[in-house]
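J.: Fold the following for me, if possible:
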Amino acid sequence: MNRKELARRIASIGGYDIGEIERVLKIYEDVIVEALDNEEEIKQGKLFKIFFQNVPKKIAWDGLNKRSFVRPAKRVPKFKPLSRIKDIEHQIDEEDIERK
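T.: The predicted structure is shown next:
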């Protein structure tokens, strides 16, 4: 679901103007990005949490140029589903598996 579809559903359920909801969602995205730029943790109710995890320095392989290089240590965003998301499961039909 993209931002436009999300805005349409929120507007429909809440009785809001879709244009206003789209503007709010755009601002919401900007606020999230700004917070992550400042290395702040994001928790969206009981849906998800975004936090930073340390990734150590590592000697990595560049397959394109056939040489190793040092990837420096860094902090990267990590996504963690919370209670309202992590328990959602859907069954897979055997026919779907066979087609792929």
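J.: Name the single longest helix found in the chain.
T.: When the chain is parsed with DSSP state H, its longest helix is helix 18-37.
J.: per-residue confidence at the residue minimising distance to the centre of the chain?
T.: Central residue of the chain (Cα atoms, centre = their mean): Phe79, 6.2 Å from the mean position. As predicted, Phe79 sits at a pLDDT of 96.
J.: Would you mind naming the residues that bridge with it?
T.: Ile50 (DSSP bridges).
J.: which residues of the chain fall in helices?
T.: Using DSSP H, helices in the chain cover 3-14, 18-37, 83-86, 94-99.
J.: So for Arg71, which of these sits nearest?
T.: Of all the helices of the chain, helix 18-37 sits nearest to Arg71, with 20.7 Å by Cβ to Cβ. Every C-beta, even on glycine, is put in place using the N, C-alpha and C of the backbone.
J.: Which positions in the longest helix of the chain come out as buried?
T.: Buried residues in helix 18-37, counted by 16 or more other Cβ atoms under 10 Å: 21-22.
J.: same thing with stretch 44-63?
T.: Those would be Ile50, for stretch 44-63 by 16+ other Cβ under 10 Å.
J.: average model confidence for that stretch?
T.: pLDDT averaged over stretch 44-63 gives 95.
J.: Likewise for stretch 83-100?
T.: 81.
J.: Offset the numbering so it begins at 386, please.
T.: With 386 as the first residue, the last one maps to stretch 468-485.
J.: Ala445 contacts Phe454, doesn't it?
T.: Yes - between Ala445 and Phe454 there is a contact under Cβ atoms under 8 Å: 6.0 Å.
J.: now could you export just the CA positions of stretch 432-444 as PDB?
T.: Taking Å, rounded to 0.1, in the frame of the first residue of the first chain, the C-alpha atoms of stretch 432-444 are listed here in PDB:
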ATOM      1  CA  LEU A 432       3.100  -1.600  15.200                       C
ATOM      2  CA  PHE A 433       6.900  -1.300  14.900                       C
ATOM      3  CA  LYS A 434      10.100   0.200  16.300                       C
ATOM      4  CA  ILE A 435      13.100   1.500  14.300                       C
ATOM      5  CA  PHE A 436      16.300   1.700  16.300                       C
ATOM      6  CA  PHE A 437      20.000   1.800  15.500                       C
ATOM      7  CA  GLN A 438      22.300  -1.200  15.600                       C
ATOM      8  CA  ASN A 439      26.100  -1.100  15.500                       C
ATOM      9  CA  VAL A 440      27.700  -3.000  12.600                       C
ATOM     10  CA  PRO A 441      31.300  -3.700  13.300                       C
ATOM     11  CA  LYS A 442      34.200  -3.100  10.900                       C
ATOM     12  CA  LYS A 443      34.600  -5.900   8.500                       C
ATOM     13  CA  ILE A 444      36.900  -7.100   5.700                       C
END
